[in-house]
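> here you go, sequence then predicted model.
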Amino acid sequence: MVDRHDGTWTMDVKTVCLGMLTDGPASGYDMKKCFESTFGHFFPAGYGSIYPALATLARNGFVEFEEVPQDGKPDRKVYSITEEGREELHKGLANPKPSHKVRSEFLAMMCFAHLMSDEQIDEVIDNKLLELDGFLNLFGECPAERCGGKASIGTQFVAGFGRHIASSLRTYIKDNRGMLTSSDGEKIRLAAGSRQ
């Protein structure tokens with residue numbers, strides 16, 4: 001929600017939490033499940049960022065919470081968005097140029113494939129394909145079931161986007177893994193090593 005130099009607002013965990021709360025009250029745990037499913041492939045967030053975001057939102061009057069007693073556990077905080085929070089959310093949604101950043105440890109590692117053995121490369125690629133299969137299974141489920149409500153048109157669009165990206169990545173990796181481990185790949189790795 002930080003105001004950038006160009007007058008637009010950034011989409012951060014606080015803004016996403018406010019958006020989630022427009023579907024109804026939720027606990028931090030409920031939001032974590034939604035971050036893991038609907039937002040997991042493009043905007044991951046864990047308890048370490050969700051709970052501080054909710055605390056800041058509550059301090060600023062953008063959310064309020066009710067403490068619900070639980071047997072043998074600490075009270076559960078259930079958050080809901082306030083009118084001020086809705087106004088703040090609309091400021092965050094007014095950015096006409098949201099960024100689309102990709103941070104991939106997999107791609108960073110593949111940049112150095114010439115320094116890895118074929119066995120290492122195969123293991124990394126096989127694990128990435130398994131991860132993508134998991135994403136595709138997740139996207140095959142109804143987005144509403146993952147977040148405990150009905151899926152908005154936007155959520156359906158995002159799920160479709162995720163399906164398309166995961167499917168395209170899977171196809172590209174399967175079609176091109178040979179360039180990293182085949183004899184041609186070995187020549188490329190050796191050539192890269194000789195330039196050092």
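Structure received. Residues are numbered from 1 along each chain as shown.
> just give the nearest non-adjacent residue to the residue most central in space within the chain, would you?
Central residue of the chain (Cα atoms, centre = their mean): Phe43, 2.7 Å from the mean position. In space, not counting the residues next to it along the chain, Phe43 is nearest to Val16; the distance is 6.3 Å by Cβ to Cβ, 6 or more residues apart in numbering. Quick note: C-beta positions are derived from backbone N, CA and C, even for glycine.
> which other helices and strands contact the helix or strand hosting the one you found?
Element membership for Val16 (DSSP states H and E) is helix 13-21. The contact analysis (3 or more Cβ pairs under 8 Å, 6 or more residues apart in numbering; DSSP states H and E) places helix 13-21 against helix 28-37, helix 47-59, strand 63-70, strand 73-81, helix 83-92.
> circling back to that earlier point, I'd guessed the residue nearest to the centre of the chain sits against Thr15; true?
No - under the criterion of Cβ atoms under 8 Å, Phe43 lies out of contact with Thr15, with a separation of 10.2 Å.
> how is this protein divided into domains?
In the domain annotation for the chain, the residue ranges read 13-92, 105-194 (automatic domain parsing).
> got the end-to-end distance for the shortest one?
Going back to what we said before, that points to domain 13-92. For domain 13-92, the separation between the terminal residues is 11 Å (Cα to Cα, to the nearest Å).
> equivalent analysis for stretch 31-42, please.
Note: stretch 31-42 ends 15 Å apart using Cα to Cα.
> now do it, average pLDDT.
Confidence over stretch 31-42 (mean pLDDT, whole number) is 80.
> related to what we said a few turns ago, residue contacts, the residue nearest to Phe43?
Counting by Cβ atoms under 8 Å, 6 or more residues apart in numbering, Val16 touches Phe35, Phe39, Phe43, Ala45.
> and Leu57, by the same measure?
Applying Cβ under 8 Å, 6+ apart as the definition, the contact partners of Leu57 turn out to be Lys14, Cys17, Leu18, Val63, Tyr79, Gly85.
> hmm, back to that, point out the most buried one among the helices and strands packed on helix 13-21.
Neighbour counts (mean count of other Cβ atoms under 10 Å) averaged over each of the helices and strands packed on helix 13-21 peak at helix 28-37, with a mean of 18.
> that one vs strand 73-81, what angle?
Here helix 28-37 points in a direction 70 degrees away from that of strand 73-81 (axes from the mean of the first three to the mean of the last three Cα atoms, to 10 degrees).
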